[in-house]
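In: sharing a sequence plus its predicted fold:
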Amino acid sequence: MERGYWIRSKPVYTSLLWHEKATSHLVVAQGQGGMAVLKLFQLMHPKQAITVLYMPHAEADYSKTLVKVVPEGLQLLETEQEVLTKLDSVLQGMCMGMRLYIAGSEDFIWSVAKVANKFGIEDVGMMKELTGTLARPIYCVHCKATTHAVTTNIVKCRGCGRMLFVRDHFSRQLGAYMGLMIDAESPGELPDIEEIYP
Amino acid sequence: MSMIDIKVAAVEQVTPLVKHFTFVKQDGSPFPAFSGGSHVVVSMNVGGRVHRNPYSLMGSPVDTEAYHISVRKQEQSRGGSVFMHESVEVGTSLQITYPVNLFSLAKKAHKHILIAGGIGITPFMSQLVDLNRLNSNFELHYAFRSPEHGAFAAQLKAICNDKLHCYADSKNERIDLIDLLSKQPLGIHVYVCGPNPMVVAVIEAARNLGWPENHIHSEQFLSPGIGEPFKIQLAKSNIEVHVPAEMSMLEAIEAAGVDADYLCRGGVCGRCEVNVLESDGALLHHDHFLTDAEKASGKKIMPCVSRARCDRLVLDL
Ligand code: FES
């Protein structure tokens, strides 16, 4: 673990807060992120139009409450792919001044961010809340495959099968942390595998 | 700071107040290429005193034969622009810094809205070349006092066609900023360069319409104001420097032979920042770089534009 010094590339997540100057709001959430959305709606509602895209997850489903709390503009979706497709079409009709709020796992947040990037929305223009899990998407620097929902310090790459050490170095472009082969020098010699991103 | 020796190859009066200067290198070798929006600092010796003023490069960034700047004569200024207008002619030797870009185009923008006021058109002139070369989507809104003051309007028309929108104050034509910045599709960046009220108006309008900060770009070189004279102590050099009324702190430090860092000399880049070790009065911050909290803390100052009203001011230089 690269503790004790500041890693610039590491994303910063905050609690969602309405942006008061926005001309419209788009909230995209998954699973436990539903709680972040509920917290957001505890705050004073902005006057501008609000759209919420929510995808319940096996571990957390806040759809019932969201239906009651979100005045209008709530859309419930079943899969991440559906969310991303919907997001793409919603963004096409949006104007400058729209603010994007994302809540969910790191995997989810950065999949949403990637779609938003296509529309010229940059990382700093999105508010992100990490919820539920610290699980990381890991990009294998050797075979370029991304292994999702990694909770351990070392993981087997789903692309090439190498044992990867999970780094804190994050690429916004790829929406993933870097994974580096750990036993390159002495194959098979692995430190203990521990769950550190539960 | 390493400088380039140049000589003036051409001077052209563009409008009643604006002159265009063409520089070539003294030794005839090519200049470094630069990116649209870059500026250089021109160093001139005005009656024994060195003035250093930043000017945007307005030629094509790929033209390394010559650099081009335009200077508006500022009658109330401390003399730099008047010197450029009255004493610089073809053949004059000057020194300039290497180009620095503090006003670059956002690479990922889907479209660029450029807003210029008066002489603020100059950084856009080089950006336009880049935009056209990359086939980028843009529009240019150019406001000036009256048609005779609309420098380069004809040339711009030829480059931009219907992407150019001109506004003459004398004909009561104004840019409707709210209209311009509302209902724009996502991914747009806005850039403004011009007089202070215009820059402030554009930034405010965009912010109020919810535009994220990183989509709002501005350039505005402040000229160091004239103020009360004061004294500073330079701790590392162990000398005292007198800052006269019409000199900036940075100029006074340089005149005392101390090498200080700078890029813009206009309070925007942050390069000249120095730590204030001690002060017994008010720091007069004039820069756009330090945050309000930093200004209030009194621990830092930008000597290129800021001044002080105190008896004792010790800088970490
Ligand atoms: S030199 Fe740029 S802020 Fe002073």
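Out: Thanks, I have it.
In: quick one: the most centrally placed residue in chain B and residue A:67, what's the gap?
Out: Centroid check for chain B by Cα atoms, centre = their mean gives residue B:221 as the closest residue, at 3.5 Å. Look at residue B:221 and residue A:67: by Cβ to Cβ, to the nearest Å, they are 55 Å apart. Where you see a C-beta, it was placed from the backbone N, CA and C, and this is true even at glycine.
In: quick revisit: so what pLDDT did the residue nearest to the centre of chain B get?
Out: As predicted, residue B:221 sits at a pLDDT of 75.
In: I figured it hits residue B:263, correct?
Out: No. Between residue B:221 and residue B:263 there is no contact under Cβ atoms under 8 Å: 11.0 Å.
In: helix/strand/coil for residue 103?
Out: In the absence of a named chain, this looks at chain A. Three-state call for residue A:103 (DSSP: H, G, I helix; E, B strand; the rest coil): strand.
In: wait, what's in contact with the residue nearest to it when sequence neighbours are not counted?
Out: In this structure, residue A:103 finds its nearest non-sequential neighbour in residue A:33, 3.2 Å apart by Cβ to Cβ, 6 or more residues apart in numbering or on different chains. Listed by Cβ atoms under 8 Å, 6 or more residues apart in numbering or on different chains, the contact set of residue A:33 reads A:54, A:102-105, A:108, A:129, A:131-132.
In: list phi and psi for residue A:33.
Out: Here is the backbone geometry of residue A:33 (degrees, to the nearest 10): phi -60, psi -20.
In: from the ligand, how far off is it?
Out: 42 Å (Cβ to the nearest ligand atom, to the nearest Å).
In: for that residue, give me the pLDDT.
Out: Reading off the model, residue A:33 has pLDDT 95.
In: in which helix or strand does the residue of the stretch 101-250 of chain B found nearest the ligand reside?
Out: Going by Cβ to the nearest ligand atom, the ligand is nearest to residue B:250 of the stretch 101-250 of chain B, at 6.8 Å. In the assignment (DSSP states H and E), residue B:250 maps to helix B:249-255.
In: also residue A:169?
Out: Applying DSSP H and E as the criterion places residue A:169 in strand A:163-171.
In: next: residue A:132.
Out: Applying DSSP H and E, one finds residue A:132 in no helix or strand.
In: I'd say it and residue A:32 touch.
Out: Yes. Counting by Cβ under 8 Å, residue A:132 touches residue A:32, with 3.1 Å between them.
In: mind listing the shared neighbours of those two?
Out: Residues touching both residue A:132 and residue A:32 (Cβ under 8 Å, 6+ apart) are A:57, A:59-60, A:104-105.
In: quick one: secondary structure of residue A:27?
Out: strand.
In: burial measure for it, as a count.
Out: 26 (other Cβ atoms under 10 Å in any protein chain shown).
In: who does it bridge with?
Out: Per DSSP bridges, the residues bridged to residue A:27 are residue A:52, residue A:101.
In: OK, contacts around it?
Out: A:16, A:37, A:40, A:50-53, A:101-103 are the contacts of residue A:27 under Cβ under 8 Å, 6+ apart.
In: repeat that for residue B:5.
Out: B:25-27, B:93, B:95.
In: those, buried ones only, as a PyMOL selection?
Out: Here is the PyMOL command that selects only those of these that count as buried (16 or more other Cβ atoms under 10 Å in any protein chain shown):
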select buried, chain B and resi 25+95
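In: and of the contacts of residue B:5, the nearest to chain A?
Out: Nearest to chain A among the contacts of residue B:5: residue B:95, at 36.7 Å, using Cβ to the nearest Cβ.
In: gap between the closest one and residue B:46?
Out: 13 Å.
In: which strand residues bridge residue B:284?
Out: residue B:307.
In: wouldn't it be in contact with residue B:307 here?
Out: Yes. Here residue B:284 lies in contact with residue B:307, judged by Cβ under 8 Å, at a distance of 4.5 Å.
In: any shared contact partners between those two?
Out: Contact criterion Cβ under 8 Å, 6+ apart; residues shared by residue B:284 and residue B:307: residue B:227.
In: more neighbours: which of the two?
Out: Of the pair residue B:284 and residue B:307, residue B:307 is the one with more neighbours under other Cβ under 10 Å, namely 26 against 17.
In: for the stretch 1-150 of chain B, which spans come out with low pLDDT?
Out: Counting by pLDDT under 70, the stretch 1-150 of chain B shows low-confidence ranges at B:1.
In: would you map the helices across it?
Out: Shown for the stretch 1-150 of chain B, the helices assigned by DSSP state H, counting those that start in this stretch span residues B:80-87, B:122-133.
In: go through those and pick out the most buried.
Out: Among these, the stretch with the highest mean neighbour count (mean count of other Cβ atoms under 10 Å in any protein chain shown) is helix B:122-133, at a mean of 23.
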